[in-house]
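[1] Give me coordinates for this.
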Amino acid sequence: QVQLVESGGGLVQPGGSLRLSCAASGSIFSIYAMGWYRQAPGKQRELVATITSGGSTNYVGSVKGRFTISRDNGKNTVYLQMNSLKPEDTAVYYCTRGRRDVSDMYYPEYWGQGTQVTVSS
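    Numbers count the residues shown, from 1 in each chain. From the prediction side, this is the model:
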């Protein structure tokens, strides 16, 4: 059974940084693509970043240059480093395991429980 457990969320001031972690278990972590979604109150869930098994990354335009997704296959963990945070980054962030096709479309298959990120002064 696949389990994804996020950590690292919290309250941060605008311009600050946070690093989210997602520990995966129950499958061979290294062969799967991983992704982070977020959902703000009253808004649709949004794909933020993905990383393939080979380390290829994609980002939504609003976070390019500020967020970095990475993975440590030895620790079965994926990270989301978030810098220069803005109030509009406030959301629940979800870790997913999925697959990314040759067109770079990402299909989530398993979800974590989510972690709250609040950017406010």
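[2] all helices for this structure, in order.
    In the chain, no helices are defined using DSSP state H.
[3] Which parts of it are strands?
    3-7, 10-12, 18-25, 33-39, 46-51, 57-59, 67-72, 77-82, 91-100, 106-111, 115-119 (DSSP state E).
[4] who does the residue nearest in space to the middle of the chain bridge with?
    In the chain, the C-alpha nearest the mean C-alpha coordinate belongs to Trp36, at 2.5 Å (CA atoms, centre = their mean). For Trp36, the beta-bridge partners are Ala49, Cys95 (DSSP bridges).
[5] That one contacts Arg97, correct?
    No - the criterion here is CB atoms under 8 Å, and Trp36 misses it with Arg97 at 11.2 Å. The C-beta positions use only the backbone N, C-alpha and C, and glycine is treated the same way.
[6] The residue lying closest to Leu18 once chain neighbours are set aside: neighbour count?
    Spatial nearest neighbour of Leu18, chain neighbours left out: Met82 (5.0 Å); criterion: CB to CB, 6 or more residues apart in numbering. The burial count assigned to Met82 is 26, neighbours taken as other CB atoms under 10 Å.
[7] tell me the contacts of Met82?
    17-20, 63, 66-67, 89, 117 (CB atoms under 8 Å, 6 or more residues apart in numbering).
[8] From those residues, pick the one nearest Leu4.
    Ranked by distance to Leu4 (CB to CB), those are led by Leu20 at 11.6 Å.
[9] my guess is that closest one meets Gly10, correct?
    No - counting by CB under 8 Å, Leu20 does not reach Gly10; the two are 9.8 Å apart.
[10] picking up where we left off before, run through the residues that contact the residue nearest to the centre of the chain.
    Trp36 neighbours (CB under 8 Å, 6+ apart): 20, 22, 47-50, 69, 78, 80, 93-96.
[11] repeat that for 6 Å
    Going by CB atoms under 6 Å, 6 or more residues apart in numbering, Trp36 touches 48-49, 80, 93.
[12] Could you check how far the closest residue to Ser120 other than its chain neighbours is from Val12?
    Nearest residue to Ser120, sequence neighbours excluded (CB to CB, 6+ apart): Pro87, at 6.2 Å. Per CB to CB, to the nearest Å, Pro87 is found 10 Å from Val12.
[13] Perfect, I'm done here.
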